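Asks: sequence and predicted structure are below.
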Amino acid sequence: MLRNATTRLVGAHLLLVAVATGLVLGFVYWRAGGVIDAEQRAVVEAELRGMADDYQRGGLIGLAAAVERRLDRTGARDEVYLLADVRGTRIAGNLGAWPPGVVPGSGWVTLELYRLDAKQPTTISAVSVRLRGGERLLVGRDVAARAAFDATLLRALGWGLAAMALMALGTGWLLSRLILRRIDGIAATAQAIVGGALDRRIETTGTGNEFDRLADTLNAMLDRNSALVGDLRMVTDSLAHDLRSPLGRLSRHLEAALDQDLPAEARKDLIERARSEADGVLKMASALLDISRIEAGLAAEQFETLDLGDLANDVADLYSAAAADRGVVLQVFSDDGFEVSAHPQLLAQALANLLDNAVRYAPAGTAVRVALTTGSDSVSLCVADRGPGIPEAERERVRQRFARLDPSRGTDGAGLGLALVDAVARLHGAQLTLEDNAPGLKASLVFPRGPARRRPGPGPEADRHGAAAPREPLARPGMEG
């Protein structure tokens, strides 16, 4: 029974309320008793002073008469009066004699004795004083009335505690049901997802309470997991499709090369083709491995400070010959040197992928522009061409692995180039932006200014293709994005 969450929650709530209510009611009982005692003692002490005044005005006879008048007026329900001589013999009052052991003027005392009008002993609380002539005066109250009041107050407090316990039991049960209903909803959604309904999400009430915030967090996690699962399926499907063709060609080339009657030159050509297909498969696997390592953050420990202007010129030098062969002019424009903390090989590979795409799709007679520009809060490394560009609706999709604009997948490349560039950008805290170059595409790596610093150097440069050696390894051509 105690293993049930509802029982534990209600029990804890009931115990907490009972303890808190008991403490409050106990304090009320103690405080009320103290107030009543103080009030009663103040009344008795005032009465004692008044009777002492009667003694001053009327002497012993006047005081005795005052005592009898008070007894007649009150009916002696709870009041106790005794006026005695110096030997303790009763002169007036409702006690038979002076109580033994009571010293006049010694303060408040509690006694059990017989009143003249009672057959049973009575417990009283009294105070006494010695008069000028040696006589003794005692004034007190029967504590039975106080005991009755205490009993009545305790019963009332007990009923109050019971009522609070019932209310706590009801509110605890209701509260536990509200909480457990939300938990049951989360559990039911989780069970549905485990059962294959990956699109199920935890419902929210729109109040923005703790459960809504928890649901939003879990839903965001589920969305991320769903996206990863979708990416995995897409990668698996695309990988199977893209590997089938080159592996099929590789198999056919090798099979044909086994023909004993085939001339040596033809066999060599078939083997070269098979090796080319194998190289393509290896490049695809290597690119996938690079993307996975980048997304896992494994390359972050190999960061070093490098100059973006130098990097742009080095990579442009590498592609200048390929651009010239295609009749494309490769231009580099950069501001003063700008340094960032980065992974040299990965950043060079990302820029090489952008340049490879730009040179491949730029029409002959046009220019591919590599530009490094700085702003107030960012620095951008841009590659712009005059090719067909990428439709705006496709610019997010092409960042995914194996995403290609050619649905027939008839063009060269595996659709991993821009996926790798995007992963490298995120690794460096940068952003890959794809914009219309009217015509063509402008792809930019935008770095925040925070972690970077400007290095003093020469002014803007154009068409610089010096002999600086590129950092190895650089881009792997053929990874189309």
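Replies: Structure received. Numbers count the residues shown, from 1 in each chain.
Asks: what are the structural domain limits within the chain?
Replies: Following automatic domain parsing, one gets these domains for the chain: 5-148, 210-295, 301-462.
Asks: now render the ones you listed as JSON lines, adding mean pLDDT.
Replies: Formatted as JSON lines, the domains of the chain follow (pLDDT from 0 to 100):
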{"stretch": "domain 5-148", "mean pLDDT": "82"}
{"stretch": "domain 210-295", "mean pLDDT": "78"}
{"stretch": "domain 301-462", "mean pLDDT": "80"}
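Asks: export these to CSV and tack on mean neighbour count?
Replies: Just so you know, the C-beta spots here come from the backbone N, C-alpha and C atoms, and that holds for glycine as well. Listed next are the domains of the chain as CSV, based on neighbours: other CB atoms under 10 Å:
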stretch, mean neighbour count
domain 5-148, 15
domain 210-295, 14
domain 301-462, 18
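Asks: now those domains in a markdown table, with distance to L175?
Replies: Compiled in a markdown table, the domains of the chain are given as follows (distance: least, CB to CB, whole Å):
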| stretch | distance to L175 |
| --- | --- |
| domain 5-148 | 7 |
| domain 210-295 | 13 |
| domain 301-462 | 44 |
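Asks: so what does the helix or strand hosting A350 touch, helix or strand wise?
Replies: Element membership for A350, per DSSP states H and E: helix 344-361. Counting contacts by 3 or more CB pairs under 8 Å, 6 or more residues apart in numbering; DSSP states H and E, helix 344-361 packs against helix 264-295, strand 304-307, helix 308-325, strand 367-374, strand 378-384, helix 417-427, strand 441-448.
Asks: next SSE downstream of the third one?
Replies: This means helix 308-325. Following helix 308-325 toward the C-terminus (DSSP H and E): strand 329-334.
Asks: scan the chain for its longest helix.
Replies: helix 5-74 (DSSP state H).
Asks: tell me what it is packed against?
Replies: strand 79-84, strand 90-93, strand 122-130, strand 136-142, helix 144-194.
Asks: how does it look with 6 Å?
Replies: If you count contacts as 3 or more CB pairs under 6 Å, 6 or more residues apart in numbering; DSSP states H and E, helix 5-74 packs onto strand 79-84, strand 90-93, strand 136-142, helix 144-194.
Asks: partners of the shortest one in the sheet?
Replies: Sheet pairing of strand 90-93 (DSSP bridges) gives strand 79-84 (antiparallel).
Asks: ok and the strand it pairs with relative to strand 122-130, angle-wise?
Replies: Angle of strand 79-84 versus strand 122-130, following axes from the mean of the first three to the mean of the last three CA atoms, to 10 degrees, is 40 degrees.
Asks: strand 79-84 to strand 136-142, inter-axis angle?
Replies: 160 degrees.
Asks: got the angle between the helix holding A350 and strand 367-374?
Replies: Using the same axes, to 10 degrees: helix 344-361 against strand 367-374 is 140 degrees.
Asks: can you show me the CA trace of helix 344-361 as CSV?
Replies: Output in CSV follows, covering the C-alpha atoms of helix 344-361 (Å, rounded to 0.1, in the frame of the first residue of the first chain):
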residue,chain,number,x,y,z
PRO,A,344,43.2,24.5,-39.7
GLN,A,345,42.6,21.3,-41.7
LEU,A,346,38.8,21.3,-41.2
LEU,A,347,38.3,25.0,-41.9
ALA,A,348,40.5,24.7,-45.1
GLN,A,349,38.5,21.6,-46.1
ALA,A,350,35.2,23.5,-45.7
LEU,A,351,36.5,26.4,-47.8
ALA,A,352,37.8,24.0,-50.4
ASN,A,353,34.4,22.3,-50.6
LEU,A,354,32.7,25.7,-51.2
LEU,A,355,35.3,26.6,-53.9
ASP,A,356,35.0,23.2,-55.5
ASN,A,357,31.2,23.6,-55.9
ALA,A,358,31.7,27.2,-57.1
VAL,A,359,34.3,26.4,-59.8
ARG,A,360,32.4,23.3,-60.9
TYR,A,361,29.1,25.1,-61.6
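Asks: what does stretch 320-330 rub up against?
Replies: Contact with stretch 320-330 is made by 316, 359, 362, 364-365, 367-368, 465, as judged by CB atoms under 6 Å, 6 or more residues apart in numbering.
Asks: out of these, who's nearest R449?
Replies: The closest of the contacts of stretch 320-330 to R449 turns out to be A316 (CB to CB; 23.6 Å).
Asks: residues in contact with that closest one?
Replies: When contacts are counted by CB under 6 Å, 6+ apart, A316 touches 330, 332, 370.
Asks: quick revisit: who wins for proximity to Q40 among the helices and strands packed on helix 5-74?
Replies: Closest among the helices and strands packed on helix 5-74, using CB to CB: strand 136-142, at 6.0 Å.
Asks: from the contact counts, what lies against the closest one?
Replies: Checked by 3+ CB pairs under 6 Å, 6+ apart, strand 136-142 has helix 5-74, strand 79-84, strand 122-130 packed alongside it.
Asks: just to revisit the earlier point, so the longest helix of the chain versus strand 122-130, what angle?
Replies: Between helix 5-74 and strand 122-130, the angle comes out at 50 degrees (the same axes, to 10 degrees).
Asks: can you show me the CA trace of stretch 33-40 as PDB?
Replies: Extracted C-alpha coordinates of stretch 33-40, given in PDB (Å, rounded to 0.1, in the frame of the first residue of the first chain):
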ATOM      1  CA  GLY A  33      -4.000  29.600  29.200                       C
ATOM      2  CA  GLY A  34      -1.200  32.100  30.000                       C
ATOM      3  CA  VAL A  35      -3.500  35.100  29.100                       C
ATOM      4  CA  ILE A  36      -6.300  33.700  31.200                       C
ATOM      5  CA  ASP A  37      -4.000  33.100  34.200                       C
ATOM      6  CA  ALA A  38      -2.500  36.500  34.000                       C
ATOM      7  CA  GLU A  39      -6.000  38.100  33.700                       C
ATOM      8  CA  GLN A  40      -7.300  36.200  36.700                       C
END
